[in-house]
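Asker: show me how the following folds:
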Amino acid sequence: MTEARRFERIGSHSHILGLGIEKGKVKTVADGMVGQKEARKAASIVVDMVKKGRFAGRAVLLSGPPGTGKTALALAMAKELGKDVPFVSISGSEIYSSEMKKTEFLMEAIRKSIGVRIHEMRRIYEGEVTKLDVETVPHPYNPYQQIPKSAVISLKTKKEEKQFRVDESFAQYIIQQGVEVGDVIQIDADSGRIVKLGKTENAIKRDKIDISAREIVELPDGNVSKEKEFVYVLSLHDLDLATSRQGSMFSIFFGGKEEITNETRQRVDEMVKEWVDSGKAEMIPGVLFIDEVHMLDIEAFAFLNRAMESELAPILILASNRGMAKIRGTDIRSPHGIPLDLIDRLLIITTKPYNRGEIKKILEIRMAEEKIDMEEDALEYLTDIGKEASLRYAVQLIAPAASIAEENKRRKIIKEDIEKARELFHDVKYSVEYLNKYEKMMLGE
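Answerer: Model prediction:
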């Protein structure tokens, strides 16, 4: 029998909460962002332009070496635009690995990046999460990977407290939404959809959470189960899927893959327009972040150029770590591998390598996010690794070092744990040197 335990999933940028700007001034460390002051200031101006409706027909290019925070900057911009703003991140190479056509893949990404905030009176469960236990079991096809089997969740209001046991699909959704103890949430009784409202003041004080980083809400009144306006966000792609299945809009969370035609998308657009006109819904243009943009070909660039002119267009943020490169599908060399007619429409923001102090602060933030403790001399050593090799490599060493410390019955990582992790997991430079050393033993082309 598998023991029930807390299942935590921490993303590589889960600590990013905004651009870290207060009254127009960029803080050195704030909202999970460190350094990159000029880039963050430029990003804040873009956010301001978007909010004022002055960004139509434009896009942003984040240009800089690997590991300089381009993805973090894009996510921070989405966070600044609002808590419900969709953020969709894809890699330029993904359009070739997908089973669908390149333009269809990009259209789907664009539709996922546009949200619709819907207001409905529904029966809901509402309260502060006071208990959350997720039971996990080995994945049926990969015994080394744990997946949720069920969960027990308790909700509390000023009047009562109720406990629920939920199934696998709902447990998975709890994890995806990042629900944790202290959150005030609403659950639609019919669909199981969850909306996080914020944290209670008591939870913020108890867990010593940065007040500026979380929205404070009061403990709900009345019963846990009630009739109330339920406000939730679906993307245009969610609605496309639901409409193509000719069923309940919430079947999107359980059904299989369906083909989406232009006629279906047109019907959805007309339906959403009616909702907006009647006050039932409002549009939320989100952020579509395309990393490795130099991997796109001339056809994909032409599609993006046209999409930027559409009335229903997300904020497009591109990222590249290339200088001059061939535009894929042509023999033309261009800055960042992007056609000149598209570059002319881009606001370019450059990111710079982090200094030693900034690397150390980022490592501290990541350790706090992953709830890992480390001795000061170990942190200094890890910072040196980040400076010599790369920040990404240093961040990658945190988890294996924590496992080594745990094996040795230590709660804190010491320098020897990092040294051991470094011996076992090598950086790119070492890997290349190793391959060169044994080149004759390796398989050739």
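Asker: which secondary structure element of the chain has the lowest mean pLDDT?
Answerer: Using mean pLDDT, DSSP states H and E, strand 4-5 stands out as the lowest-scoring helix or strand of the chain, at a mean of 36.
Asker: tell me how far the nearest residue to Asp221 once chain neighbours are set aside lies from Ser225.
Answerer: Excluding the flanking residues, the one nearest Asp221 by CB to CB, 6 or more residues apart in numbering is Lys158, at 5.3 Å. Glycine gets a C-beta too; all of them are placed from N, C-alpha and C. From Lys158 across to Ser225, the span is 14 Å (CB to CB, to the nearest Å).
Asker: look up how far Ser169 lies from the residue nearest to Asp221.
Answerer: Here the criterion is CB to CB. By it, Lys158 lies 30 Å from Ser169.
Asker: ok, now Gln146?
Answerer: Using CB to CB, Gln146 is found at 16 Å from Ser169.
Asker: out of the two, which sits in the busier spot?
Answerer: A count of neighbours by other CB atoms under 10 Å puts Gln146 above the other of Gln146 and Ser169, at 16 against 12.
Asker: so who does that one touch?
Answerer: 7, 136-139 (CB atoms under 8 Å, 6 or more residues apart in numbering).
Asker: where in this protein is pLDDT low?
Answerer: Under the criterion of pLDDT under 70, the regions of the chain flagged as low confidence span 1-15, 98, 141-142, 144, 204-205, 207-215, 246-259, 428, 430-445.
Asker: tell me the domain boundaries of it?
Answerer: With domains defined by automatic domain parsing, the chain comprises 21-113+286-350, 118-233, 356-433.
Asker: out of Lys158 and Ser225, which sits in the busier spot?
Answerer: Using other CB under 10 Å as the criterion, Lys158 and Ser225 rank with Ser225 on top: 17 against 11.
Asker: hmm, the more buried one is touching Tyr125, no?
Answerer: Yes - using CB atoms under 8 Å as the test, Ser225 is close enough to Tyr125 to be in contact (5.6 Å).
Asker: what residues do those two have in common as contacts?
Answerer: Residues touching both Ser225 and Tyr125 by CB under 8 Å, 6+ apart: 162, 189.
Asker: quick check: closest non-adjacent residue to Met49.
Answerer: Using CB to CB, 6+ apart and skipping the chain neighbours, the partner closest in space to Met49 is Phe55 (4.6 Å).
Asker: contacts for the helix or strand where Asp384 lies, please.
Answerer: Taking DSSP states H and E as the criterion, Asp384 maps to helix 376-388. Applying CB under 8 Å, 6+ apart, the set of residues contacting helix 376-388 from outside is 354, 356, 359-360, 363-364, 374, 393-395, 397-398, 401, 413-415, 417-419, 422, 427.
Asker: for Ile114, which non-adjacent residue is spatially closest?
Answerer: Setting aside the residues directly before and after it, Ile114 is nearest to Leu236 in space (CB to CB, 6+ apart), at 4.7 Å.
Asker: quick one: buried residues of stretch 29-46?
Answerer: Along stretch 29-46, these residues count as buried under the neighbour rule (16 or more other CB atoms under 10 Å): 30-37, 39-40, 42-44, 46.
Asker: then stretch 296-311?
Answerer: By 16+ other CB under 10 Å, the buried positions in stretch 296-311 come out as 296-297, 300-301, 303-304, 307-308.
Asker: quick one: it to chain centroid distance?
Answerer: With CA atoms, centre = their mean, to the nearest Å as the basis, stretch 296-311 stands 24 Å off its chain's centre.
Asker: now do stretch 374-382
Answerer: Centroid separation between stretch 374-382 and its chain, computed with CA atoms, centre = their mean, is 28 Å.
Asker: that one: which residues count as buried?
Answerer: Applying a neighbour-count criterion of 16+ other CB under 10 Å, the buried positions in stretch 374-382 are 374-375, 378-379, 381-382.
Asker: OK, contacts around Lys415?
Answerer: With CB under 8 Å, 6+ apart as the criterion, the residues that contact Lys415 are 375, 377-378, 381.
Asker: ah, wrong one, I meant Lys25
Answerer: For Lys25, no contacting residues are found, by CB under 8 Å, 6+ apart.
Asker: could you pull out the helices for the stretch 301-445 of the chain?
Answerer: Under the criterion DSSP state H, counting those that start in this stretch, the stretch 301-445 of the chain contains helices at 340-343, 356-369, 376-388, 391-407, 415-424, 428-437.
Asker: can I get the ones you listed in TSV with distance to Ile118?
Answerer: As requested, the helices of the stretch 301-445 of the chain are arranged in TSV below (distance: least, CB to CB, whole Å):
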stretch	distance to Ile118
helix 340-343	34
helix 356-369	32
helix 376-388	44
helix 391-407	38
helix 415-424	47
helix 428-437	46
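Asker: re earlier: so the residue nearest to Met49, which state does it fall into?
Answerer: Following DSSP: H, G, I helix; E, B strand; the rest coil, the label given to Phe55 is coil.
Asker: what sits closest to Asp341 if chain neighbours are left out?
Answerer: Asn305 (6.9 Å).
Asker: right, and the one you found touches Ile343 too?
Answerer: No - proximity of Asn305 to Ile343 does not meet the contact threshold set by CB under 8 Å, at 10.8 Å.
Asker: angles on the backbone of Ala56, please.
Answerer: As for Ala56, its main-chain torsions (degrees, to the nearest 10) stand at phi -60, psi 140.
Asker: correct me, but Lys326 touches Arg333?
Answerer: Yes - distance between Lys326 and Arg333: 5.5 Å, which falls inside the contact criterion (CB under 8 Å).
Asker: list the contacts of Glu299.
Answerer: Contact partners of Glu299, counting by CB under 8 Å, 6+ apart, are 102-103, 329.
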